[in-house]
Structures are given as structure tokens and as C-alpha cells.
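S.K.: Make a model of this:
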Amino acid sequence: MQLSLIIPDFTPLTLNESVNELSKTIKLNTALMLFKNSKFSLEQASEFAGLSIYQFIIECKKNKISIISYDEDELKDELNLMKNL
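M.R.: Just a heads-up that it's a prediction; the model follows:
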């Protein structure tokens, strides 16, 4: 699918990015936001951003976004399993 986005002409110049770089930045930031808000899986977000999963994980780390999300019960279950090993 293709999506068009109208960006003011001054934007690439102001951000000191080419149109291609700006497109990549927008896709990456959108993927990061959707992943952080649990709308995309890690795989979906990395594909959306056009990165490998490993590259996307690095971007998550740079942006202080955890790639592991446990609720309290899941974390307790995992810790209990580890204690029983």
C-alpha cells in the first residue's frame, strides 16, 4: 500500500535531511510509536521501518523503548519458573 503525505517544502531543509532521509525518519518514528503503544509487534514494526529486527531493537534502545513487556502477573510467573529450575 502506498500513502501520500503532504510535507511543507521547508521541512527537509530545516531538518537538514533529504526527502528520502525524511521519509525513513518518519517511517522509523511511526514504527517506534506503534510498537511502544503495542499496536505493532516487534516484527511488524521492524518491517514497517524497513529495518532488520536487530536494527530495530537498536533503535528501540536509542529511544529508551523496552522490547520486553510483561505485566505484573507474567513477571511473577516467569520468576517462579526460574526459581524452580
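
S.K.: Next up, the contacts around the residue nearest in space to the middle of the chain.
M.R.: What sits nearest the mean C-alpha location of the chain, by C-alpha atoms, centre = their mean, is residue 32, with 2.4 Å. When contacts are counted by C-beta atoms under 8 Å, 6 or more residues apart in numbering, residue 32 touches 45, 49, 59-60, 63, 65. Bear in mind the C-beta positions are built from the backbone N, C-alpha and C, glycine included.

S.K.: nearest spatial neighbour of residue 11, skipping sequence neighbours?
M.R.: Spatial nearest neighbour of residue 11, excluding adjacent residues (C-beta to C-beta, 6 or more residues apart in numbering): residue 22 at 6.6 Å.

S.K.: Just confirm the one you found contacts residue 13, I think it does.
M.R.: No - Residue 22 is beyond contact range of residue 13, at 10.1 Å (criterion: C-beta atoms under 8 Å).

S.K.: now the contacts of residue 32: which count as buried?
M.R.: 45, 49, 59-60, 65 (16 or more other C-beta atoms under 10 Å).

S.K.: neighbour count winner among residue 22 and residue 13?
M.R.: When residue 22 is set against residue 13 and neighbours are counted by other C-beta atoms under 10 Å, the residue ahead is residue 22, at 16 against 10.
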